[in-house]
Structures are given as structure tokens and as C-alpha cells.
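[1] I'll drop the sequence and a predicted model, then ask my questions.
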Amino acid sequence: MLNDKTLTAKARQLEAEHTPYALVTVVRCKSPTAAKPGYKALVTAAGDIHGWIGGGCVQPAVIKTARQALRDGVPQLIRVSPVEDAHPEDDVMDFKSACHSGGTLDIFIEPMLSRPAVLLLGSSEVAKSLATLAHFAGFTVTVASPAADAANFPQADQIITEFDAGNATFSSAPLVVVATQGKGDQAALQAALRVDTFHRAFIAGKRKADKLKQFLKEKGHDPQAVDGIIAPAGVEIGANSPEEIAVSVLAGLIAARNQQMATPEELSVNNTATTAVAAAPPEQAVPAESSSSLVESGCCGSNTAT
């Protein structure tokens, strides 16, 4: 079991790496259980557990609930017990344990989320609309452009009057959108490639984007990073006006943010379920997975946490 000092250090490390995590605390137990009230752990969306809140009987329920809490930002109280509660409490998620020890644990799971961040390179009309929409969608917004000012970007958290955002501070690894629309495209794209991010998008048509990607490669930029720039940006909705294009791009940002939170296993399940639902008649929709069936057999006394 990690002590509080070690757990705090791990939390700071995850925060420095912009890795969301859930703080998991045992709040009540009915013996026999290995974990006791006050035991804590940190759980990431990848399912990594740092600390100790129980063994194989408890961990699947905790990981599943932590992932859900990280997705929707809502704390959860769960109960893991050998017998399903015939009269479950409204605010408690009940998980049935297959563990032979027979103990019951009440566990509080609190998501520790930093606000997602977006970096907008450019001061076009689309950038102005996108900055406002992204703000109200819960993103912290940084605008980097020689022509940016507070009057045109009243919802921005930071404004940098150049494309280089090297001195900016972000609440989390930023999603980057180049929204120059012909005014500084090359400089903004090169600045975007210098940002450590998993998502770069360029608001431009495919023909223009392909031409500029070739320019970037000729300038010596990493071909893989250049090819990873999403263009056209956003979700196809037939957008025409700056406001409509901003909605489309915001949808792409939200999808990228949510996809980052999902594990490969969850993405595989979601894709399979989507395919099955699309192929099946309406009355054969894929049922949701029961939470009570997720806690596999194991021993609450086996400490496999890191």
C-alpha cells in the first residue's frame, strides 16, 4: 500500500503529465475485507491503479466506475458485496462480488479533472466563433496570433500576440486548431508542429492542406506529424458560415477529447456495438452491460496494485 506522501507525489506526477485520474477512497467496510476505511488509490482511464483499495474482487468495479467518472465528471459511490442488495440506495451503484471472503466495501470515486485545453492559431472569423463555443463547452481557450486581442476574443483565457505558444501555460495537453484561413498559414502550421499534442487540425480544404503539408515536409518537419494534421478540420455537417464551421470543428474537438479518455478495449467494444446495432433490426439493439456482472472472481486479500 502506498503511503499518503507517496500517493501525493504520484498525483502531482499525473497532473504534471496532464493525465486525468480518479481519487478512490474506501469509506466503509464490513469484514472480512483486506482494505479498511481510509485506504486510498489513484486510478487512471487506462486502468492503472496506484495505491490499495482491495484485490481482484474489487478492482474491476473500481476501474469501470473510475473510467465513467472521468468521462462524465461526476463522483460515484459504489458498493461491492457478495450479495446484490434487494433494496439498493438511489445514490449507490451496486456491484456483486464473486469473492469467497464475503466482505462488503463502500468506495467513493472522485474524478480529478483539469479542464481540457484548446490552442487556436489564427484570428479569423471562424477562430472568433470557435473560441466562444469552446469556452462554453468547457475548454480553456488560448489564442495565438499576431492580430489577436481581447476585444475580438473576450472568452479567451490567454491571448498571445504571435503564433509561437511556447510561453503559454495549459490546464492540460492542448488540442490545436489552425484557423488562419489564408493569413499566416505556413507560420501557424509550423508553430502547431512545435506543440506537444495528440490532436492537430487545420481549417482548410483538402487541396490546400495537401499543398501546405508538402511545404512542411520540404522544410524538414517530421512527415508522420505532418500527415497527422487533420484537414479539413471538424465533423462534416455541410457547414458554410464561420459559425457553422466553428460548430463542426468543436464537434471534432469534443470527439478527440472523449476518444483520448477511452481505452483501446472500450473503443473496440464501442465500435463492435455500433456495428451490431446498425446491422440489427430495431428490436435487436445491443443491451447495456450489467454492472453487477463485472466483478470477476479473485481474492480481496491479493495485493496486485502498484
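    The structure has been received and is ready for your questions. Numbers count the residues shown, from 1 in each chain.
[2] list the buried ones in stretch 204-215?
    Buried residues in stretch 204-215, counted by 16 or more other C-beta atoms under 10 Å: A204, A209, L212, K213. The way it works is simple: take the backbone N, C-alpha and C, and place the C-beta from them, glycine included.
[3] same check, this time on stretch 127-144
    Neighbour-count burial for stretch 127-144 flags 127-135, 137, 139-144 (criterion: 16+ other C-beta under 10 Å).
[4] just name the closest of the residues you listed to E236, please.
    L130 (16.6 Å; C-beta to C-beta).
[5] which residue packs closest to that closest one, ignoring adjacent ones?
    A246 (4.1 Å; C-beta to C-beta, 6 or more residues apart in numbering).
[6] cool, and G166?
    Using C-beta to C-beta, 6+ apart, the nearest residue to G166 is R194, at 7.1 Å.
[7] if I look at the one you found, how far off is C57?
    Note on R194: its distance to C57, by C-beta to C-beta, to the nearest Å, is 47 Å.
[8] equivalent analysis for I78, please.
    13 Å.
[9] more crowded one of these two?
    Just comparing I78 and C57: by other C-beta atoms under 10 Å the higher neighbour count belongs to C57, 29 against 22.
[10] I'd say A150 and A156 touch.
    Yes - contact status for A150 versus A156: in contact at 7.3 Å, counting by C-beta atoms under 8 Å.
[11] of the two, who's got more company?
    More crowded of A150 and A156, by other C-beta under 10 Å: A156, with 23 against 10.
[12] can you pull the phi/psi pair for the more buried one?
    A156 adopts backbone torsions of phi -70, psi 140, taken as degrees, to the nearest 10.
[13] and G51, by the same measure?
    Here is the backbone geometry of G51 (degrees, to the nearest 10): phi 120, psi -160.
[14] hmm, it is touching T8, no?
    No - using C-beta under 8 Å, G51 is not in contact with T8, being 10.9 Å away.
[15] of these two, who's got more company?
    Per other C-beta under 10 Å, whichever of G51 and T8 has more neighbours is G51, with 22 against 12.
[16] wait, is R79 part of a helix?
    No - using DSSP: H, G, I helix; E, B strand; the rest coil, the secondary structure at R79 is strand, not a helix.
[17] show me where this protein has its helices.
    All helices of the chain, identified by DSSP state H, fall at 4-16, 59-72, 125-136, 185-193, 206-218, 223-227, 242-261, 264-279.
[18] so, low pLDDT: which residues of the stretch 151-300 of the chain?
    Scanning the stretch 151-300 of the chain for pLDDT under 70 picks out 261-300.
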